[in-house]
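**Q** What follows is a predicted structure for the sequence shown.
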Amino acid sequence: MANAYYEKIARINLTTGEIKVEKLDLDLARKFIGGRGLGTKMLYDEGVATVDPLSPENKLIYITGPMTGAAAPSTGRYMVVTKSPLTGMIACSNSGGIWGAKLKYAGWDAIIVEGQAPEWTYISIDDDKIELLDAREYLGMLSEATDVTLKEKHGSDASVLNIGPAGEKQVLMAAIMNDKDRAAGRSGVGAVMGSKKLKAIVVKCSRKTLDVIADEEALKEATKKALTVLRENPVTSSGLRQLGTAILVNIVNNVGSLPTKNWQESYYEQAEDISGETLAEKYLVKAGACHRCPIACARVIDVNGRVTGGPEYEPLWAYGANCGNNDLNIIDECNMLCNEYGLDAISVPCTIAAAMELYQRGAIKEEDCAGVPLEWGSTKALVEWTKRIGNPETELDWLMSSGSARLCEHYGMPEVSMSVKKQEMPAYDARGIQGIGITYATSNRGGCHVRGYMISPEVLGLPQQLDRTVPDDKAAWAKTFQDLTAVIDSMGHCLFTSFAMGAQEYTDLLNAATGTHYTAEEVLEIGDRIYNIERMFNKAAGMKPEDDRLPKRLLQEPIVNGPSKGMVSQLPLTLPQYYEARGWVDAFPTDETLKKLGLDECIGK
Amino acid sequence: MIEVRLFATLRQGREKIIMLESETVSTVGDILRKLDIPTEEVSILLVNGFHKKTETPVQDGDIVALFPPVGGG
């Protein structure tokens, strides 16, 4: 019976060139949904938690969810699941565009890439036909040129995923790009692809729709309801289309939680210059949308005469306030460079910000900087150091390209790295917004906001307004947000639908598409299970309880300026509450919790 | 004086920053009425950086920031 899966996985061994077709374990898919959940469970079972992330033994899983490509809102998502070379823990990077939907339409739920190619290779998928092709001529090519060139070769109906020079050089902050400006951005997944000498994956498909829906009528009904909810919500109907995520610059600054100069300050006087309003006024060409998305949050902008993908809130902040820079055109350019070199546009500018603080403190000397000193607000430094990180040559280039944690450790100032589990934290000061600190500290992939977006209730008032300044009830909220997020990621929907949609809408869509009969509570329990399997992967990879932490600055140095002046994170209070809510002791699930969640295979591990 | 900061679509047909004599308004709601901003168009309402409601009193020196419904990540 149709169930929204094609029940087919391709296992591609780049060392031997062998390509095997495996049947999807449907019971496992029911238990972990797909995407992030199923991908993590598969990776856990592959036994790669202890391997060197950049060795041939690591595996890369490109995986769709049951909803990916379905006739339902915002279903253009796929995920890359692997062991991260940046954090040494689980990586799951999620991207939009259309590549994921085409992979699904071609008949594949997932592809597992293992080994290491003898020579640079790319994979061509055309429905059932999978080929390994010579990629040597594309080596060193920037991401967009690779996309264009491979489309010229394979046809305009092809969709291209690739790495840029950063991934080729195994830069620990390398992203995987698809459809030109969409990115599986975080945790260095591009470096893993580079370590396998895999430059690109081209997908073509004859199907135009997902034709294995369990109950078409029920899906139509659930989609109609979901679309109504999205249309009636001002955020998803017009807010994100008009100003994108960039609107947050002014909001977060006005609540005194916009980290400035590597989190030394939390209010940026020039925030208006780098805001969503200014971006729309000066550079916006139009809004862009991923496959089947009615929200259209993406920015298409004009960068010095070139029409290209524009910055999200995160790079606007990271290349802006966090580096003391208010030149918006330079941020646009740096964001484009991140896309072209294939770099994480959060971690890279945050690493530059950390380097600027090291320079401020005299740890990095002018003579180390090869003519481009790391001075606060230097537009030349932002452009040049982004390029150097994307294609490192000198010793400092390589140090910078390994991320802020390794960089600051090298200079004996680890506290200057504003990261968790070696991944840079995003654009919300956890001293001024208490709940987001729980998300940062406990995120299985390290510093990250989209593992439990507490900004929604604490700043945006969705679904209800919580007092951002107090720790009360935040642990329980964070857990629920984390669990629901895990479900949305696993289904293949965009997380942004959750500004309007709730657990019941997702449950109805999932049941209609896959033929299950879950309640919303059961679906949230699946989210809990997914969060726990990620945690068990991390435990196997060597994570320690002390890795659930925040940088000392957030706990011990009160905010120095703006509306949140004087505040520190109260994580020491909320973390034990969070563990209790999760059924964890010392950062890991108890046997009882594992049993309750049906993770018996992890007991005693 | 009270500094009123308007953002996103609330700027359409209005200035970004409007200074009001503190004697002319006593609550955030008064400010909305004075600037002809329908309450339902405002989703986030901050006084000196903290979330408040329309009935919140305002005084000389306050900074009031008003946002329409917005999201991001």
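**A** Everything's here; your move.
**Q** When you work out contacts or count neighbours from here on, use the C-alpha atoms and nothing else.
**A** Noted.
**Q** Does the lowest-mean-pLDDT helix or strand in chain A reach chain B?
**A** Using mean pLDDT, DSSP states H and E, helix A:234 stands out as the lowest-scoring helix or strand of chain A, at a mean of 89. Yes - residues of helix A:234 contacting chain B under C-alpha under 8 Å from any C-alpha of the partner chain: A:P234.
**Q** From the chain's centroid, how far away is whichever helix or strand comes after that helix?
**A** Where DSSP states H and E defines the elements, the next helix or strand beyond helix A:234 is helix A:240-243. Offset of helix A:240-243 from its chain centre (C-alpha atoms, centre = their mean, to the nearest Å): 21 Å.
**Q** Please compute how far the helix or strand just after helix A:240-243 lies from its chain's middle.
**A** Of the helices and strands lying after helix A:240-243 in sequence (DSSP H and E), the nearest is helix A:248-254. Here helix A:248-254 is found 21 Å from its chain centre; the criterion is C-alpha atoms, centre = their mean.
**Q** got the contact list for helix A:248-254?
**A** Applying C-alpha atoms under 8 Å, 6 or more residues apart in numbering or on different chains, the contact partners of helix A:248-254 are A:258, A:266-268, A:271-272, A:274-276, A:313, A:316-317, A:428, A:459, A:563, B:7, B:46, B:49, B:65, B:67, B:71-72.
**Q** now swap in stretch B:7-27 and tell me
**A** Residues contacting stretch B:7-27 (C-alpha under 8 Å, 6+ apart): A:243, A:247, A:250, A:277, B:1-6, B:31, B:37, B:41, B:54-60, B:65-68.
**Q** Tell me which of the residues you listed fall in strands.
**A** Of the positions in the contacts of stretch B:7-27, B:2-6, B:65-67 sit in strands, assigned by DSSP state E.
**Q** Now the buried members of these.
**A** Neighbour counting over the ones in strands among the contacts of stretch B:7-27 (16 or more other C-alpha atoms under 10 Å in any protein chain shown) leaves B:2-6, B:65-67 as the buried ones.
**Q** spatially speaking, which residue is in the middle of the chain?
**A** Let's take chain A. Geometric centre of chain A, nearest residue: A:S93, 4.3 Å, by C-alpha atoms, centre = their mean.
**Q** could you do chain B instead?
**A** What sits nearest the mean C-alpha location of chain B, by C-alpha atoms, centre = their mean, is B:L66, with 4.2 Å.
**Q** before we move on, what SS does the spatially closest residue to that residue that is not a sequence neighbour have?
**A** Leaving aside its chain neighbours, B:L66 sits nearest to B:L45 (4.9 Å; criterion: C-alpha to C-alpha, 6 or more residues apart in numbering or on different chains). Per DSSP: H, G, I helix; E, B strand; the rest coil, the secondary structure class of B:L45 is strand.
**Q** Provide a list of residues in contact with B:L45.
**A** Applying C-alpha under 8 Å, 6+ apart to B:L45 gives the contacts B:51-54, B:64-67.
**Q** of all those residues, which comes closest to A:G446?
**A** When these are compared for distance to A:G446 (C-alpha to C-alpha), B:H51 wins out at 29.2 Å.
**Q** in terms of contact, does the closest one touch B:I44 like I think?
**A** Yes - counting by C-alpha atoms under 8 Å, B:I44 is a contact partner of B:H51 at 7.1 Å.
**Q** all helices for chain B, in order.
**A** With helices called from DSSP state H, chain B shows them at B:28-34.
**Q** measure A:V252 to B:F50 for me?
**A** Applying C-alpha to C-alpha, to the nearest Å, the value for A:V252 to B:F50 is 11 Å.
**Q** Check the spacing between the residue nearest to B:L66 and B:V64 real quick.
**A** 7 Å.
**Q** for A:I98, same thing?
**A** A:I98 is 42 Å from B:V64, by C-alpha to C-alpha.
**Q** Could you do A:P234 as well?
**A** Applying C-alpha to C-alpha to A:P234 and B:V64 gives a distance of 22 Å.
**Q** Compare those two (neighbour count), which wins?
**A** Ranked by neighbour count (other C-alpha atoms under 10 Å in any protein chain shown), A:P234 and B:V64 place B:V64 first, with 24 against 19.
**Q** quick one: contacts for the more buried one?
**A** Contacts of B:V64 (C-alpha under 8 Å, 6+ apart): B:2-5, B:28, B:45-49.
**Q** Can you spell out the domain ranges of chain A, please?
**A** A:8-204, A:245-418, A:430-499+A:518-602 (automatic domain parsing).
**Q** Make a markdown table from these and add distance to A:E505 to it.
**A** Listed next are the domains of chain A as a markdown table, based on distance: least, C-alpha to C-alpha, whole Å:
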| stretch | distance to A:E505 |
| --- | --- |
| domain A:8-204 | 11 |
| domain A:245-418 | 16 |
| domain A:430-499+A:518-602 | 9 |
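**Q** would you turn those domains into a markdown table with distance to A:L510 and mean pLDDT?
**A** Putting the domains of chain A into a markdown table (distance: least, C-alpha to C-alpha, whole Å; pLDDT from 0 to 100) gives the following:
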| stretch | distance to A:L510 | mean pLDDT |
| --- | --- | --- |
| domain A:8-204 | 7 | 98 |
| domain A:245-418 | 17 | 97 |
| domain A:430-499+A:518-602 | 7 | 98 |
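**Q** Quick check: residues of the stretch 501-605 of chain A near chain B?
**A** Counting by C-alpha under 8 Å from any C-alpha, the residues of the stretch 501-605 of chain A near chain B are A:563-564.
**Q** Quick one: the helices in the stretch 501-605 of chain A, in order.
**A** A:503-514, A:520-541, A:552-556, A:571-582, A:591-596 (DSSP state H, counting those that start in this stretch).
**Q** Mind putting the ones you listed into TSV with mean neighbour count and distance to A:W108?
**A** What follows is these, written out as TSV (neighbours: other C-alpha atoms under 10 Å in any protein chain shown; distance: least, C-alpha to C-alpha, whole Å):
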stretch	mean neighbour count	distance to A:W108
helix A:503-514	22	16
helix A:520-541	22	22
helix A:552-556	17	44
helix A:571-582	18	34
helix A:591-596	16	30
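**Q** wait, which of those helices is closest to A:A475?
**A** That would be helix A:571-582 among the helices of the stretch 501-605 of chain A, by C-alpha to C-alpha, at 4.6 Å.
**Q** hey, C-alpha coordinates of the closest one in PDB?
**A** Only the C-alpha atoms of helix A:571-582 are listed here, as PDB (Å, rounded to 0.1, in the frame of the first residue of the first chain):
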ATOM      1  CA  LEU A 571      21.400  28.100  32.600                       C
ATOM      2  CA  PRO A 572      22.700  26.600  35.900                       C
ATOM      3  CA  LEU A 573      19.100  26.800  37.100                       C
ATOM      4  CA  THR A 574      17.300  25.700  33.900                       C
ATOM      5  CA  LEU A 575      19.600  22.900  32.800                       C
ATOM      6  CA  PRO A 576      18.700  20.500  35.700                       C
ATOM      7  CA  GLN A 577      15.000  21.300  35.000                       C
ATOM      8  CA  TYR A 578      15.500  20.400  31.400                       C
ATOM      9  CA  TYR A 579      17.200  17.100  32.200                       C
ATOM     10  CA  GLU A 580      14.300  16.200  34.500                       C
ATOM     11  CA  ALA A 581      11.800  17.000  31.700                       C
ATOM     12  CA  ARG A 582      13.800  14.800  29.300                       C
END
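**Q** Fine by me, we can end here.
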